[in-house]
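[1] A structural model of the following input is requested.
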Amino acid sequence: MAKKVLKFFPVFLMLVVIPSCIVQPVMNLSNEPVPTSADGSTYTRKQLHEAIIRACKLRGWIAQPKKKGLIEASINVRMHRAKVEIHYDETKISILYKDSYDLDYADGYIHRNYNRWITYLYRTILSELHSPT
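    Numbering: from 1, shown residues only. You can find the predicted model right below:
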């Protein structure tokens, strides 16, 4: 009996455990609060817009302003592509999934690298807000 279990364990790993590590639920950052500046004042919409554009550039995203408070950003990494919408105002920011190619998107799940890219982009936006321009 033990030999049968051991024989199927590698198959179990390949079919259940490993794929669950590769795909994750799509990360959407919705209405995240914009922090205040070091002196306690709020950032203007223009300052936030500029920080988003700089952060996109630093992280390899191509940013295209669409309208007031909305930037569409896309990234190409090897054969993988992702596109997001970045909604913002003086108090909040959202980074929402729009489209992707070759990132195994299905039913709200996507390759874990996408979530990592979103996390790094968001952190870089916050960092750019606090950097002197």
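
[2] drop to CA atoms for contacts and neighbour counts, all remaining ones
    Fine.

[3] got phi/psi on residue 128?
    Dihedral angles of residue 128 (phi, psi; degrees, to the nearest 10) stand at phi -70, psi -30.

[4] ok, and the closest non-adjacent residue to it?
    Distances taken as CA to CA, 6 or more residues apart in numbering place residue 51 nearest to residue 128, at 5.2 Å, with adjacent residues excluded.

[5] for burial, what's the neighbour tally of that neighbour?
    21 (other CA atoms under 10 Å).

[6] that one in helix, strand or coil?
    Judged by DSSP: H, G, I helix; E, B strand; the rest coil, the three-state class of residue 51 is helix.

[7] against residue 43, how distant is it?
    10 Å (CA to CA, to the nearest Å).

[8] same thing with residue 124?
    16 Å.

[9] pick out the residue closest to the middle of this protein.
    For the chain, the residue nearest the mean C-alpha position is residue 118 (1.5 Å; CA atoms, centre = their mean).

[10] that one: what's it in contact with?
    The contact partners of residue 118, taken as CA atoms under 8 Å, 6 or more residues apart in numbering, are 27, 95.

[11] could you say which helix or strand holds it?
    helix 112-130 (DSSP states H and E).

[12] now the strands for the chain?
    Taking DSSP state E, the strands of the chain run over residues 23-25, 29-33, 62-67, 70-77, 80-88, 92-101, 109-111.

[13] got those strands as CSV, with distance to residue 55 columns?
    Converted to CSV, the strands of the chain look like this (distance: least, CA to CA, whole Å):
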stretch, distance to residue 55
strand 23-25, 24
strand 29-33, 16
strand 62-67, 9
strand 70-77, 11
strand 80-88, 12
strand 92-101, 13
strand 109-111, 22
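
[14] make a markdown table from those and add mean neighbour count, distance to residue 56 and mean pLDDT to it.
    Below are the strands of the chain laid out as a markdown table (neighbours: other CA atoms under 10 Å; distance: least, CA to CA, whole Å; pLDDT from 0 to 100):
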| stretch | mean neighbour count | distance to residue 56 | mean pLDDT |
| --- | --- | --- | --- |
| strand 23-25 | 17 | 23 | 93 |
| strand 29-33 | 14 | 16 | 96 |
| strand 62-67 | 14 | 6 | 97 |
| strand 70-77 | 18 | 7 | 97 |
| strand 80-88 | 20 | 11 | 97 |
| strand 92-101 | 17 | 12 | 97 |
| strand 109-111 | 18 | 20 | 96 |
